[in-house]
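Colleague: Predicted model and sequence follow; I will ask about them next.
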Amino acid sequence: MSVRHFLDMDDVSPQELGDVLDRAERREVPQLLHAQGVGLVFEKPSARTRNSMEMAVVQLGGHPVSIRGDEVGLPDRETPEDLARTLACYHRLIGARVFDHETLRRMSRVVDVPIVNLLSDRAHPMQTLADLLTMRERFKQLAGLTVAWVGDGNNVCNSLIVGAAMARMHVRVATPPGYEPSSLALEKAGDVGGRVLLTNDPREAVRVADAVCTDVWASMGQEAEHTERAKAFEGFTVTAELMQRANPGAIFLHCLPAHRGEEVDADVIDGDASLVWAQAANRLHAARGLLWWLLDQAAS
């Protein structure tokens, strides 16, 4: 099968990434999904992902069908392969927000419609597309910029590392010991010539940053670890003082939802440097650009 899937950032080339972002910036789009459906599976609840994907499908002329995890019961009631084959009978694309990245891989092996990762334990590439789009809108270009990550080296961090490296950005990551990004993400960044600074000092990470990014300390499914993580992440709050150590004009990004007073202070996320609402809005534009690109690839 020659179909293109999007399970992580390296499923597109650096040049193709630029094409996706170019399409995301366009507001007049073709009705490539006229009278057709897109299946969206949500093992995990969602606000931005569901709304942005559904509206991206609508703007491309299609009909989104969102499916709760308890409606399909992966992987026990129905296997990922059987679900993918079923949804491919009805839909031009399938998106899935899953606990286990392997679920996406299993789905992608058996169908000839694009599978899109809406979030997994390993990666969150749709968020990275929106982050890159937001930075490109503010700074007009990405190459040569420095992005700093402060906090947990989680799935969002992993995809951002790879995407930023593909865009020829410099990446600096500060995590507590034991919470570093995955070795696979660092390897993928290296494969495209990226260099990632790893440190346990947030001040060092943001020292020359044009954008400072963070996420919650305990992601969905890690709630039982909250107390332990809060102790481990002491000193990793993005404060106004920390932002002042970044480059003049540096912006703040957060994938949301945010816990003010934990990973970020209110005066930062609600302050002038914050672009979190433009970033949230760009989830829609990024999703539309990606779906448009995938549909064109399937037609070629």
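Modeller: On my side now, so go ahead. Residues are numbered from 1 along each chain as shown.
Colleague: ok, Thr49 - contacts?
Modeller: When contacts are counted by CB atoms under 8 Å, 6 or more residues apart in numbering, Thr49 is found next to 42, 97, 118-119, 126, 283. Quick note: C-beta positions are derived from backbone N, CA and C, even for glycine.
Colleague: Quick check: which element contains the residue nearest the centre of the chain?
Modeller: Nearest to the mean C-alpha position of the chain, by CA atoms, centre = their mean, lies Gln127 at 2.3 Å. Applying DSSP states H and E as the criterion places Gln127 in helix 125-139.
Colleague: With just CA atoms, put that helix into CSV.
Modeller: Only the C-alpha atoms of helix 125-139 are listed here, as CSV (Å, rounded to 0.1, in the frame of the first residue of the first chain):
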residue,chain,number,x,y,z
PRO,A,125,2.4,15.4,16.3
MET,A,126,-0.8,17.3,15.7
GLN,A,127,0.2,19.6,18.6
THR,A,128,3.6,20.1,17.1
LEU,A,129,2.1,21.2,13.8
ALA,A,130,0.1,23.9,15.7
ASP,A,131,3.2,24.9,17.7
LEU,A,132,5.3,25.3,14.6
LEU,A,133,2.6,27.2,12.8
THR,A,134,2.2,29.6,15.8
MET,A,135,6.0,30.2,15.9
ARG,A,136,6.2,30.7,12.2
GLU,A,137,3.3,33.2,12.3
ARG,A,138,5.0,35.3,15.0
PHE,A,139,8.6,35.1,13.7
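Colleague: what mean pLDDT would you report for that helix?
Modeller: Per-residue confidence for helix 125-139 averages out to 98 on the pLDDT scale.
Colleague: Which strands border the next helix or strand after it, and is each parallel or antiparallel?
Modeller: Sequence-wise, the next helix or strand downstream of helix 125-139 (DSSP H and E) is strand 146-150. Each strand that pairs with strand 146-150, with its direction, by DSSP bridges: strand 170-174 (parallel), strand 211-214 (parallel).
Colleague: Keep only those of the contacts of Thr49 that are in strands.
Modeller: Judged by DSSP state E, the contacts of Thr49 include 42, 97, 118-119 as members of strands.
Colleague: hmm, back to that, nearest spatial neighbour of the residue nearest to the centre of the chain, skipping sequence neighbours?
Modeller: By the measure of CB to CB, 6 or more residues apart in numbering, the closest residue to Gln127 outside its immediate chain neighbours is Cys255, 5.0 Å from it.
Colleague: Show the contacting residues for that neighbour.
Modeller: 48, 124, 127, 131, 156, 215, 279.
Colleague: do that again at 7 Å, thanks
Modeller: For Cys255, the contacting residues are 127, 156, 215, by CB atoms under 7 Å, 6 or more residues apart in numbering.
Colleague: Tell me how far it lies from Ala167.
Modeller: Using CB to CB, to the nearest Å, one obtains 17 Å as the distance from Cys255 to Ala167.
Colleague: hmm, who's touching the worst-scoring helix or strand of the chain on mean pLDDT?
Modeller: Of all regular secondary-structure elements in the chain, judged by mean pLDDT, DSSP states H and E, the least confident is helix 226-232 with a mean of 90. In this structure, residues lying in contact with helix 226-232 by CB under 7 Å, 6+ apart are 176, 179, 217-218.
Colleague: State the number of residues packed around Asp70.
Modeller: 10 (other CB atoms under 10 Å).
Colleague: neighbouring contacts of the helix or strand containing it?
Modeller: Secondary structure from DSSP H and E places Asp70 in helix 69-72. Among residues not part of helix 69-72, those counted as contacts by CB under 7 Å, 6+ apart are 41-43, 78, 83.
Colleague: Name the residues of stretch 269-278 that are buried.
Modeller: Buried positions in stretch 269-278, judged by neighbour count with 16 or more other CB atoms under 10 Å: 269, 273-276.
Colleague: Dump the residues you listed to JSON lines, plus secondary structure and distance to Val238.
Modeller: Formatted as JSON lines, the buried residues of stretch 269-278 follow (DSSP: H, G, I helix; E, B strand; the rest coil; distance: CB to CB, whole Å):
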{"residue": "Ile269", "secondary structure": "helix", "distance to Val238": "8"}
{"residue": "Ala273", "secondary structure": "coil", "distance to Val238": "10"}
{"residue": "Ser274", "secondary structure": "strand", "distance to Val238": "10"}
{"residue": "Leu275", "secondary structure": "coil", "distance to Val238": "13"}
{"residue": "Val276", "secondary structure": "helix", "distance to Val238": "12"}
